[in-house]
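In: Just to be clear, the model below is a prediction. Sequence and coordinates:
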Amino acid sequence: MPEYRNPTPTVDIIIEKNHKIVLVKRKNPPYGWALPGGFVDEGEWIENAAMREAKEETQLDIVLDELFYVYSDPQRDPRQHTMSTVFLAHAEGTPSGNDDAEVAQYFDLDNLPSPICFDHAVMIDDYIYYKATKQHRQIQRYNDTMVKKPS
């Protein structure tokens, strides 16, 4: 029987409050700032994974507003091939870093920290575009052959 090597499912959450988003400073490699998120556990609904990861890393109880997009670039995570389902959410309160997040805080979209890990800068850029246009830029990138289409 052949060995299948499939992407690992992950979630990332864009938590917005008052035109700011939550980023976490990672305790583990790759170091830098990232959207809250992580791996989906076996047997877990992806929505529950998003709420769990947000709570673990930020101490915030989030409300999921919508499914934003799925990012599947095989190079998006230097550790392994992952596929991230990204949600838009909101929360009340002040985030606090926990679990594998050293720090969690809100940032203005025009004043983000550096470096931003993984492909999260692309996600944030797409989110800013989406808020302005209500269109998903990743679909346009695909249609314009910016990414490799399957043969």
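Out: Here it is on my side, so go on. For clarity, every value in this text was computed on a predicted model and none was experimentally measured. Residues are numbered from 1 along each chain as shown.

In: in the protein, what spans have low per-residue confidence?
Out: Low-confidence segments of the chain, defined by pLDDT under 70: 138-151.

In: where exactly do the helices run in it?
Out: Assigned by DSSP state H, the chain shows helices spanning 46-58, 120-133, 137-143.

In: right, so of those helices, which gets closest to Glu66?
Out: Distance to Glu66, taken as Cβ to Cβ, is lowest for helix 120-133 among these, at 10.1 Å. Where C-beta positions appear, they are placed from N, C-alpha and C, glycine not excepted.

In: Please name every helix or strand in contact with that closest one.
Out: strand 8-17, strand 62-71, helix 137-143 (3 or more Cβ pairs under 8 Å, 6 or more residues apart in numbering; DSSP states H and E).

In: next one: it to chain centre, how far?
Out: 11 Å (Cα atoms, centre = their mean, to the nearest Å).

In: ditto for stretch 69-81
Out: Relative to its chain's centre, stretch 69-81 lies at 11 Å (Cα atoms, centre = their mean).

In: what comes up buried for it?
Out: Judged by neighbour count using 16 or more other Cβ atoms under 10 Å, the buried positions of stretch 69-81 are 69, 71, 73, 76-77.

In: returning to that earlier point: quick one: the helices and strands packed on helix 120-133 as a markdown table, columns for distance to Pro29 too.
Out: Formatted as a markdown table, these follow (distance: least, Cβ to Cβ, whole Å):
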| stretch | distance to Pro29 |
| --- | --- |
| strand 8-17 | 16 |
| strand 62-71 | 20 |
| helix 137-143 | 26 |
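
In: so can I have CSV of the helices of the chain showing distance to Pro36?
Out: Converted to CSV, the helices of the chain look like this (distance: least, Cβ to Cβ, whole Å):
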stretch, distance to Pro36
helix 46-58, 4
helix 120-133, 10
helix 137-143, 20
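
In: What about Lys17, how many residues nearby?
Out: By the criterion of other Cβ atoms under 10 Å, Lys17 has 16 neighbours.

In: ok, it - contacts?
Out: 90-92, 106 (Cβ atoms under 8 Å, 6 or more residues apart in numbering).

In: Generate a PyMOL selection restricted to the buried subset of those.
Out: Selection of buried members from the contacts of Lys17 for PyMOL, criterion 16+ other Cβ under 10 Å:
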select buried, resi 91+106
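
In: For Val24, see how far away the closest residue to Phe39 other than its chain neighbours is.
Out: Of all residues not flanking Phe39 in the chain, Thr10 sits nearest, at 5.4 Å (Cβ to Cβ, 6 or more residues apart in numbering). According to Cβ to Cβ, to the nearest Å, Thr10 stands 14 Å off from Val24.
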